[in-house]
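>>> What follows is a protein structure lacking sequence information:
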């Protein structure tokens, strides 16, 4: 199930994004970015419709996915 990011409280949205960017194995290229920059990048991708928030009812987990990967 896709969760519309616009319907989330700012704090909830930030917590979801921070959890995502702090996971081990998340790669941001050759230059490391600050947490605030990573969060801002994800917010921009959400606003542009490139990324969505996905809730898995089976696993009871929330994740961010590229829209292109869902097709």
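Alright, I've got the coordinates. Quick caveat, the model's predicted, so the values are computed rather than measured.

>>> and the residue nearest to the spatial centre of the chain, how far is that from residue 43?
Nearest to the mean C-alpha position of the chain, counting by C-alpha atoms, centre = their mean, stands residue 64 at 4.0 Å. From residue 64 over to residue 43 the distance is 11 Å, taken as C-beta to C-beta, to the nearest Å. Every residue, glycine included, has its C-beta placed from N, CA and C.

>>> got any residues that touch both of the two?
Shared contacts of residue 64 and residue 43, defined by C-beta atoms under 8 Å, 6 or more residues apart in numbering, are found at residue 17.

>>> so which helix or strand takes in residue 40?
helix 35-47 (DSSP states H and E).

>>> what's that helix packed up against?
The elements that helix 35-47 packs onto, with contact taken as 3 or more C-beta pairs under 8 Å, 6 or more residues apart in numbering; DSSP states H and E, are helix 10-22, strand 51-56.

>>> try it again with 7 Å
If contacts are counted by 3 or more C-beta pairs under 7 Å, 6 or more residues apart in numbering; DSSP states H and E, helix 35-47 sits against helix 10-22.

>>> quick one: the helix it packs on to helix 35-47, angle?
If you take axes from the mean of the first three to the mean of the last three C-alpha atoms, to 10 degrees, helix 10-22 sits at 110 degrees to helix 35-47.

>>> mind listing what's buried in helix 10-22?
In terms of neighbour count (16 or more other C-beta atoms under 10 Å), helix 10-22 has its buried residues at 13, 16, 17, 20, 21.
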